[in-house]
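# With the input below, show me the fold.
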Amino acid sequence: MKTRLPWILLAVSLAFNVFFIGGFLQAHCHRKEVPPPGGRLETLAKNLNLDAAQRQVFEQLRGELEQHRSEFAAKREAFINELVKDKPNQKILEEFFVGKDAKQQRLAMLGLMQRFVKILTPAQRGILARELKRPRTAPQ
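Here you go, the predicted structure:
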């Protein structure tokens, strides 16, 4: 029995190493593609194969989008702060979603999207539709 024990331990150790390497290789092969620095918008622009003029309009609209997002950030933070209170004010919470500012924000986003769609070719619009229908995945 004493002469077999080292061989058994060696076999178990080898098995663990094989499983470890197999798991590592599987994880490496199935890892998600790292999104580009611009995130989803940059991926979208890449998939649409925008020409120079379209790219220029895209960058302008992207700047406007970032401006809207930064303006909305303070309101979002106030909403979150109210939401986590022991007794949040329901009117403030509802105002975030259905108030005048929320409607203006949605209309501004709609305007940006419409301006972007106008510069696309019909083929690019089809690609855009497919991209917008794809579910967003959370960063990992």
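# Tell me which residues touch Arg55, please.
Ala45 (Cβ atoms under 8 Å, 6 or more residues apart in numbering). Quick note: C-beta positions are derived from backbone N, CA and C, even for glycine.
# Need the per-residue pLDDT for it.
We have a pLDDT of 89 for Arg55.
# Please report phi then psi for it.
Main-chain torsions, Arg55, degrees, to the nearest 10: phi -60, psi -40.
# ok, now Leu50?
phi -70, psi 140.
# Quick check, it in contact with Phe58.
Yes. The criterion here is Cβ atoms under 8 Å, and Leu50 meets it with Phe58 at 5.7 Å.
# tell me the domain ranges of the chain?
1-31, 40-133 (automatic domain parsing).
# so which of those domains is the most packed in?
Greatest average neighbour count among the domains of the chain goes to domain 40-133 (a mean of 13), per mean count of other Cβ atoms under 10 Å.
# next one: it to chain centre, how far?
13 Å (Cα atoms, centre = their mean, to the nearest Å).
# Start and end of that domain, how far apart?
13 Å (Cα to Cα, to the nearest Å).
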